[in-house]
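J.: generate coordinates for the sequence data below:
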Amino acid sequence: MSLEYDQVLDKIRTNVRFRAFPEEYLKGFKVVGEMEIENGSDIFMYRELEGINVVVDGRKTFFNDPYLAKYYYYSSLIGLSSVMIPNKESVRRVIKVLETDLRNYRDLIDQYLSVLDDKARKNAVNELIKSDPNFRMVIYGES
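T.: Reported below is the predicted structural model:
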């Protein structure tokens, strides 16, 4: 790839500083339990009438609470095998703050990538995802 491509990736890796999920988002909240998380490479979620399914490599996990589903989804995207969870209202607040951060990270990354053509941009995104699971959460997270 070009020098410009390498410089863009370096700027993104240097200037996009992730808050640790979920640890930094749980500060000030009482932890009430722990949840085991499925890991895999094909991860998505979808809504049904009764609730939300998070699917990891074909294995479904059902949630009545959409915020707990997102908490699980994001944890799976970054490869965690278990996470501490706060109470229901705190999970909602954590997810709202996380999703605001994800939008901000995505906007910053998009600014850096805007100087690249479409093919180079796609390659850069794939390279970022492979280099740090937090980029995977930013790219595939809800907006």
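J.: ranges for the strands of this protein?
T.: In the chain, the strands defined using DSSP state E lie at 31-36, 43-47, 52-56, 59-63, 82-86.
J.: I'd like the ones you listed as JSON lines, with mean neighbour count and distance to N134 appended.
T.: (C-beta placed from N, C-alpha, C; glycine too.) Listed next are the strands of the chain as JSON lines, based on neighbours: other CB atoms under 10 Å; distance: least, CB to CB, whole Å:
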{"stretch": "strand 31-36", "mean neighbour count": "12", "distance to N134": "20"}
{"stretch": "strand 43-47", "mean neighbour count": "14", "distance to N134": "14"}
{"stretch": "strand 52-56", "mean neighbour count": "19", "distance to N134": "18"}
{"stretch": "strand 59-63", "mean neighbour count": "14", "distance to N134": "22"}
{"stretch": "strand 82-86", "mean neighbour count": "17", "distance to N134": "15"}
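J.: F135: which of these is closest?
T.: Judged by CB to CB, the one of those that comes nearest to F135 is strand 43-47, at 14.2 Å.
J.: what's in contact with that closest one?
T.: The contact list for strand 43-47 (CB atoms under 8 Å, 6 or more residues apart in numbering) reads 52-57, 66, 69-70, 73, 76-77, 140.
J.: again, 10 Å this time
T.: With contact meaning CB atoms under 10 Å, 6 or more residues apart in numbering, strand 43-47 is reached by 52-57, 60-61, 63, 66, 69-70, 72-74, 76-77, 79, 136, 140, 142.
J.: run a quick neighbour tally on F135.
T.: Applying other CB atoms under 10 Å, we find 24 residues neighbouring F135.
J.: I figured it hits I12, correct?
T.: Yes: between F135 and I12 a contact is recorded at 8.4 Å, counting by CB atoms under 10 Å.
J.: now do the shared contacts for the two.
T.: Y105, I109, V125, E127, L128.
J.: farthest pair in these?
T.: Taking CB to CB, no two of the shared contacts of F135 and I12 sit farther apart than Y105 and E127, at 16.2 Å.
J.: between those two, which one's more packed in?
T.: Y105 (21 against 15).
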